[in-house]
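sequence first, predicted model second:
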Amino acid sequence: MEAKGCAKPAVWKDARRKFYWAVRARVARSAALAELTEASPGSTAEYRSHLLDSLASIDATMEDRQVSEVLEKLDLSQTVSQLRADYLMRRMVELTKEDRKAAMTGFARLADNLSDEERNSLITVLQSATRSPGSPITVLS
């Protein structure tokens with residue numbers, strides 16, 4: 001295969017080591033992409049791959065060992081949390097557009113399950129949000 005240009009020349013004594021790091025990098029990449037997929041199922045595979053590469057500062061010139069080590073040390077918790085929040089927000093907006101009455105009923109039930117502190121925080125956010133011209137929303141106590 002080397003003669004046809006399909007494979008790079010390899011020293012057989014290093015072949016196992018190269019294969020080991022290639023597999024390890026692939027497993028680490030797959031695990032990280034699975035986390036991103038779970039957090040944002042609506043995003044494309046290309047977007048998730050590009051996001052992972054940018055978060056881990058991975059480029060095409062890196063060796064498999066470097067890629068593996070970077071991905072295994074990478075903490076995706078903050079990114080996953082943000083992606084999940086963005087996905088849920090987009091989903092809520094879509095559902096609200098489909099059936100406003102059901103959405104309002106759902107929001108009311110959601111508010112019933114909030115603590116007093118969370119409810120007051122929600123009211124503050126709703127009152128301070130940018131609104132289109134019109135009558136202000138009054139809060140019933």
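Thanks, I have it.

what helix or strand is the spatially most central residue of the chain located in?
Ranked by distance to the mean C-alpha position of the chain (C-alpha atoms, centre = their mean), the top residue is residue 83 at 3.6 Å. Residue 83 is located in helix 77-98, with elements delineated by DSSP states H and E.

before we move on, back to that, was I right about the residue nearest to the centre of the chain contacting residue 36?
Yes. Contact criterion C-beta atoms under 8 Å: residue 83 and residue 36 qualify, at 6.5 Å. Bear in mind the C-beta positions are built from the backbone N, C-alpha and C, glycine included.

overlap in contacts of those two?
Applying C-beta atoms under 8 Å, 6 or more residues apart in numbering, one finds that residue 83 and residue 36 are jointly contacted by residue 43.

how about the longest helix seen in the chain: buried residues?
Looking across the chain with DSSP state H, the single longest helix is helix 12-39. For helix 12-39, burial by neighbour count (16 or more other C-beta atoms under 10 Å) applies to 21, 24-25, 28-29, 32-33, 35-36, 39.

against residue 101, how distant is residue 38?
As for residue 38, its distance to residue 101 is 31 Å (criterion: C-beta to C-beta, to the nearest Å).

mind listing what's buried in the helix holding residue 83?
Of all the residues in helix 77-98, those buried under the rule 16+ other C-beta under 10 Å are 79-80, 83, 87.

returning to that earlier point: so which elements touch the longest helix of the chain?
Contact analysis of helix 12-39 by 3 or more C-beta pairs under 8 Å, 6 or more residues apart in numbering; DSSP states H and E lists helix 45-56, helix 64-73, helix 77-98 as its packing neighbours.

pLDDT on it, on average?
Throughout helix 12-39, pLDDT has a mean value of 92.

orientation of it relative to helix 77-98 in degrees?
Here helix 12-39 runs at an angle of 40 degrees relative to helix 77-98 (axes from the mean of the first three to the mean of the last three C-alpha atoms, to 10 degrees).

where are the low-confidence patches of this protein?
The chain contains residues with pLDDT under 70 at 1-3, 7-11, 129-141.
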